[in-house]
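*Asks:* Show me how the following folds:
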Amino acid sequence: MGAQRRVLDTGRRYPRTARVNAVLREVLAEEIERRSDADERLRLLTVTAVDTTVDLRHATVFLASLPSGSAEALADCRVELQRAISRQVRLKRTPQLAFAEDPAVRQGATVEGILRALRSGQAPLGSAGQDPAAEGPVDG
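*Replies:* Residues are numbered from 1 along each chain as shown. Okay, the predicted model is just below:
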């Protein structure tokens with residue numbers, strides 16, 4: 001009976017929202033790529049993640065970059081993207097989409113810049129343009 005319980009509890013390690021997020025990311029990436037042929041503002045957009053609320057009513061789509069023209073194009077085709085989700089994914093409700101730039105991409109670029117500066121022998125600059133070593137110890 002203990003083995004059966006472990007099999008039934010596997011859903012807790014990988015919750016339903018995580019599975020829905022992965023499926024929505026795939027569907028939206030394909031749909032945006034398909035629509036980029038007709039609308040140049042949608043070219044070079046990369047869907048990095050989707051984060052849905054627990055009730056699956058709202059979903060935030062994170063993109064690697066979000067230029068203003070692309071944001072307008074996504075706002076214009078938001079309803080069509082939701083319609084594509086409702087056709088391809090079986091859900092009780094189709095989530096309302098919102099689009100945002102992925103902060104992890106920007107943070108990764110900052111870390112990469114610091115590493116490049118360290119490799120080249122230059123002192124990396126902090127976010128305020130100061131030497132991070134001059135700021136003193138950091139309490140963690």
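
*Asks:* So which residues of this protein form helices?
*Replies:* Along the chain, counting by DSSP state H, helices occupy 2-8, 10-13, 16-36, 68-76, 78-88, 103-119.

*Asks:* which of those helices has the lowest average pLDDT?
*Replies:* Sorting these by mean pLDDT places helix 2-8 lowest, at a mean of 44.

*Asks:* Give the full set of residues in contact with the closest residue to residue 92 other than its chain neighbours.
*Replies:* The shortest distance from residue 92 to any non-neighbouring residue, by Cβ to Cβ, 6 or more residues apart in numbering, is to residue 56 (7.4 Å). C-betas here are computed from N, CA, C, even on glycine. Listed by Cβ atoms under 8 Å, 6 or more residues apart in numbering, the contact set of residue 56 reads 17, 20, 91-93, 95.

*Asks:* Would you mind listing which of the residues you listed are buried?
*Replies:* Neighbour counting by 16 or more other Cβ atoms under 10 Å classes 17, 20, 95 among the contacts of residue 56 as buried.

*Asks:* Out of these, which comes closest to residue 42?
*Replies:* Ranked by distance to residue 42 (Cβ to Cβ), the buried ones among the contacts of residue 56 are led by residue 95 at 19.8 Å.

*Asks:* Can you check the pLDDT for the spatially closest residue to the closest one that is not a sequence neighbour?
*Replies:* Nearest non-adjacent residue to residue 95, counting by Cβ to Cβ, 6+ apart: residue 59, 3.8 Å away. We note a pLDDT of 94 for residue 59 in this prediction.
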